[in-house]
Every structure is written in structure tokens, then in C-alpha cells.
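Asks: Prediction below, plus the sequence it came from.
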Amino acid sequence: MTFAAQSEVKRRYKDVADHKAGGATYTPSALAQFVARKIVENAALVGSPTVQILDPAIGDGELVLALLEQLSGEAVTPIVTGFDTDPNAVRLAKQRIKAAFPGVSLRLEQASFLDFVLAQASATLGVSAPREGAEFDLVIANPPYVRTQIIGADHAQALGQLFNLSGRVDLYHAFLMGIARVLRPGGAAGIIVSNRFMTTKGGASVRAALRTSMSLRHIWDFGDTKLFDTAVLPAVLLAHGGPPLETAAPGFTSIYETRRKPTTSAADPVEAVELSGVVATGGDRRFEVKHGALDTSGAAHDVWRLATQSTDDWLRTIAQHSWGVFRDIGKVRVGVKTCADKIFIRTDWSEFEAETRPEILKPLITHHTAGRFRATPAKKHRSILYPHEVRQGRRRAVDLAHYPKARAYLEQHRAALEARTYVMEAGRNWYELWVPQDPAAWPAPKLVFRDISERPTFWVDLEGGVVNGDCYWLAPKAGNSEDLLWLAAAVANSTFIEVFYDRRFNNKLYAGRRRFITQYVELFPLPDPSSKIGRQLIQHAKAIHSTTDPNLALELEGELDGLVWRAFGLPVEEIAR
């Protein structure tokens, strides 16, 4: 298989390349200079008259220009190889590089870098062959950020097989593995990537592969610095070719926006990342810069976390005061997904005549009613037509013959529902939800929370609603007390959990927002529910849920917040808002 030969991939990939050549995803000059400088500072250039340089997605050539500028004082002759699927990008890069460095040797190709790697692999012992084809001394790259949804599941799977990656494979995952294959042992690479892969489940196989296929030297997480116009949060990886050395853990630096008072200033976030503490930059922005090392204490696929002695001690204290974690209560699940919301979910069911209103309607819980400890009143009440049930312990679709009004309504929309071909291909009925979850669990009390929010927003549902896919939920497994939900609500709505999240998972979005998803929330700690302070937390959470007095609720939340910190053996830390 050749990826350039796949017409659909070429079209989708070219859309991204065109976007890049148009300027929207150019690497900012300051960041390009930063990456180039770090590469040269960490490269061993002594002993060879030439240096082979690669940019696998050259775009307008900004990264190569920065690297050549950094090398201008070195006694070496650069030979530049670059790939891009967009002919306009290749022409532009060639013009810019030749204009600035007329004597440089250039080999720029309108081709896919992944095809180049594939050709090398097939010329050796196979795709799993180690480094026989590696040939570049320096690699500088900003691989295209193309999600699985864009490149297509089939091609993502093919990339995964080629590079032994599992889970959701994005295009830049494959580029990272390709770079590892063509970088000489001892060579240096500086790569700009999305920071997503460092903390998501989908990036686990990439994290593990990078830890074993290259010698990581430093990671810079540029977080919400908004260096690019796009919503991608960038990171920079600095690595040497060859397997990791048995030396100190790779360095790790993070920079994220904060509201705390600055202690120093810098011209921009790229300059700020070389400093420490809270740094003010232009436009009244402030960033907290932290330096430490990559936490290598766990498995190779574990989340990449910035480790410092103080943070490690802090997390150790929490572990010593923990009774368990949220997943000990029950399984954290995402809500239902219909893939046809306009048909299944409505706010106007009550306007249907009684003889046409579907029988199997259930109240729907969405982010519109999100609140802390309890849901907020909805401006519009949403209900879902829910065609699933549990019989003899097994989930199944309802028999529409028993629900004639629901059947008549669904038949009106049959064509649209059958267009969800993946539902039928999975052996399901045309009228089913794509992700129905457990019909038997909805009546039980459950903890519900928003996917994305700046402050944690967890509440307990006692009304038996169905949770929508924009929220997650947790119900106690058999044998677990409902009180554990109230304890979880107390911990999850505290300022403690905000600090825990940032130090344990290190994954913020823009504007200080966090993603509260299964892989993070299931690891939130719990104090002993039978301890005195554990019982106090449960009582406070219940009281906040039941009161209609907002002032009393605020007072109780303040008391509860301090109790949570004490429950984990910690002093209260103030959160800047």
C-alpha cells in the first residue's frame, strides 16, 4: 500500500496541506527558531563534513530556514531533504531556502514522507526492521495534525499496522514513528506535535513506542499559549536517535495561562518558557512555567506527567490518605449517543397529540442542566425516545410492535435512521441508538458530570434520567453504598481536585478548561468513607444537594472544600480565578 496513491487520503491530506500553504498553520518564526536552537545545542556535529537534514512535512520551509540559520556558524555542509504532498508548498519552500542559502544542497520532493519510510522498510527485512535505512543527522518537523476522522478509519488502521500502533491513530502519530526510523543513532530531532497524545488513551501506544524507539531528551508542553491560529495545543519533543540511554529521565517543561500575580516578564511565550514561575507577556497574559522531568516511574504507555520532587511528595501524601479511587465505586461511562439527535431528542414532545406521542420517552440529562451537587433547572425540558430495555439480564432493543406510537414516529424517519449504516453493520436494528449504555442503570442514583468545564461540575441525579453523550456518569456497582456517590461528589467539586487534576494529568484546554473524561475521573482519589471526615463530607454533600438556600449552599461548599483538603492530609491551596 502507498499512501500517496490512495486518492481519498490524498484529497483529505491535501486539504490540510492547502490550509498549511495558505498560512494558517505555518510554524511561527519564534517557535521555529526555538526548535532549531535546541536541536543544534543537543546535536553532535563534530567529525563529519556534511550534515543530512530532514523536514518530513516542509510546508513553506520555515523550520528548515531556522535550522540552517542556527547551523551557519558550524563547520558543516548541510544537505536538506524535504517532503510535502502539496506542489505549491514544495515550490515555495525551494524558493525561500535558495534565496536565503543559495549554496545549500536541496532535495525537495512532492511526495509523502510515509511512502518514503514504507519504501525503506520494504527494502530491508520488513516493516519491523530496526534502523538499517536510517540516514538523517538532524530532523526538524511540524507533522500535519490530521485526526482519524479525516484520514478515515481504514487508512488509520493501515498506519497503525505499519508502525505497530493501536487505538485511535492520527497522522502525526505515524510521522513520529517514521521519524524514529530514519534518524541516525546519535542524531537529533526537534518535533512540534499536538500535546494530546501525551495524556490521552489514544496516544498510549505512541508514548510507549517513543520511549523505546528514540532517546527522549526534553519535552516542552506549550499548552494554551495560542502559538498557532488553530485549536491545537502544541508541544515540542527533543530526541536523539537510537534506543534510550540509561541516564536521567528526560526533562519536562510546561507553560499554561494563569491568573496568578507575575514575578517576571518576557516578550512572548516562547521566551517565557526559558524562565520559571509566573511570567507576564504582551497583551496582559500571564503564564506559569514549570520545570521538572518526565515521570518514568510507571509503564511506558502511562500518561506523560511533569514530575518534580514537590509534586511527587504531594501525590504520595494523597496516596497515603486514600481509601480508593472513583472506579472502585463503579464504571465511569459516557452518556448515550444517538447519531441522530434531531430524531431521538426533542424539547417539544409535550406538543404532540396524545394519540401520536411516542410511549418510550425518558427525561434526558444534558450539559444544559449541569450544576454542582445538583442539576440546575432547565429552560427547556429535553426527553429522549429510548428504544432499549433489559430482559433476563440482557440489553436489547424494544419490540416496536408493543409501542405503536413510537413505531409510527420512527417509521417517519426510517430513511434517515437507516443512513446510519454502521448501526446495521454491527448487527443492530435500524431504530436503535448507537450507544444506548445500560437501560437498567438509569433509575438508580448516579453521579453525572460535564465533559469540558473550567471548574468541576459534578451532581447527583436521583430522578432516573438518561445521560446524554455530552456528559459522563457513574453508578455504584452491586454491593456499593449510595453514600459513595455523595463522597465522590464532595471530592470532585472541590478545589483540591482541580489541583490534583493539573498535577496528576497535566492536560488543560484553552481558557483553563479541563476535560473530565473516564481515563482521568476514574483515578480521582477517595478518602475513607467510614472515617469521621469521610462521613462529614457525605453529610455536607447531601445538605448542599437538598438546600434551596443559595447562601447556605455557598457556606456549606466552603466548609466542604476545606474538609476535602484535610481528608487527604494537605493544607488548603488557594485557586486563582
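Replies: Arrived safely, thanks for sending.
Asks: Can you show me the strands along the stretch 401-550 of the chain?
Replies: Assigned by DSSP state E, counting those that start in this stretch, the stretch 401-550 of the chain shows strands spanning 446-450, 452-453, 458-461, 466-467, 471-474, 514-515, 525-526.
Asks: Of those, which is nearest residue 90?
Replies: Proximity to residue 90, assessed across these by CB to CB, is greatest for strand 514-515 (37.1 Å). In this view, the C-beta of every residue, glycine as well, is placed from N, C-alpha and C.
Asks: starting at the chain centroid, how far to the closest one?
Replies: Strand 514-515 has its C-alpha centroid displaced from the chain centroid by 9 Å (CA atoms, centre = their mean, to the nearest Å).
Asks: Low-confidence bits of this protein, can you list those?
Replies: Residues of the chain meeting the criterion pLDDT under 70: 1-26, 46, 121-134, 145-160, 165-170, 230, 246, 575-577.
Asks: Output the strands of the stretch 401-550 of the chain in a markdown table, with mean neighbour count and distance to residue 357 appended to each entry.
Replies: Output for the strands of the stretch 401-550 of the chain, formatted as a markdown table (neighbours: other CB atoms under 10 Å; distance: least, CB to CB, whole Å):
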| stretch | mean neighbour count | distance to residue 357 |
| --- | --- | --- |
| strand 446-450 | 24 | 26 |
| strand 452-453 | 15 | 34 |
| strand 458-461 | 24 | 24 |
| strand 466-467 | 26 | 17 |
| strand 471-474 | 24 | 26 |
| strand 514-515 | 20 | 37 |
| strand 525-526 | 22 | 43 |
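Asks: can you put those in a markdown table and add distance to residue 482?
Replies: Formatted as a markdown table, those follow (distance: least, CB to CB, whole Å):
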| stretch | distance to residue 482 |
| --- | --- |
| strand 446-450 | 10 |
| strand 452-453 | 25 |
| strand 458-461 | 9 |
| strand 466-467 | 17 |
| strand 471-474 | 12 |
| strand 514-515 | 27 |
| strand 525-526 | 14 |
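Asks: quick one: which of these is nearest residue 333?
Replies: Between the strands of the stretch 401-550 of the chain, strand 471-474 lies closest to residue 333; by CB to CB that is 5.8 Å.
Asks: rewinding a little: looking at the strands of the stretch 401-550 of the chain, which is nearest to residue 118?
Replies: Of the strands of the stretch 401-550 of the chain, nearest to residue 118 by CB to CB is strand 514-515, at 34.1 Å.
Asks: and residue 80, that's in a helix?
Replies: No. According to DSSP: H, G, I helix; E, B strand; the rest coil, residue 80 belongs to no helix; its state is strand.
Asks: pretty sure it contacts residue 53?
Replies: Yes. At 4.8 Å, residue 80 counts as touching residue 53 under the criterion of CB atoms under 8 Å.
Asks: Need the residues touching each of the two.
Replies: Common contact partners of residue 80 and residue 53 (CB atoms under 8 Å, 6 or more residues apart in numbering): 64, 68.
Asks: picking that back up, quick one, which of the strands of the stretch 401-550 of the chain gets closest to residue 432.
Replies: Among the strands of the stretch 401-550 of the chain, strand 466-467 sits nearest to residue 432 (CB to CB), with 14.1 Å.
Asks: Tell me which other helices or strands that closest one touches.
Replies: Here strand 466-467 touches strand 361-365, going by 3 or more CB pairs under 8 Å, 6 or more residues apart in numbering; DSSP states H and E.
Asks: what's the strand it packs on in contact with?
Replies: Contacts for strand 361-365 (CB under 8 Å, 6+ apart): 335, 345, 349, 375, 381-386, 442, 448, 461, 463-468, 471, 473.
Asks: hmm, 7 Å instead?
Replies: 345, 349, 382-386, 442, 448, 461, 463, 465-468, 471 (CB atoms under 7 Å, 6 or more residues apart in numbering).
Asks: Tell me which two in these are the farthest apart.
Replies: Greatest spacing in those, by CB to CB: 349 and 448 (21.4 Å).
Asks: Pull out the buried residues from stretch 421-428.
Replies: residue 423 (16 or more other CB atoms under 10 Å).
Asks: next one: the biggest helix by length in the chain to chain centre, how far?
Replies: Counting residues, the longest helix found in the chain (DSSP state H) is helix 550-567. Relative to the mean C-alpha coordinate of its chain, helix 550-567 is positioned 31 Å out (CA atoms, centre = their mean).
Asks: Thanks a lot, catch you later.
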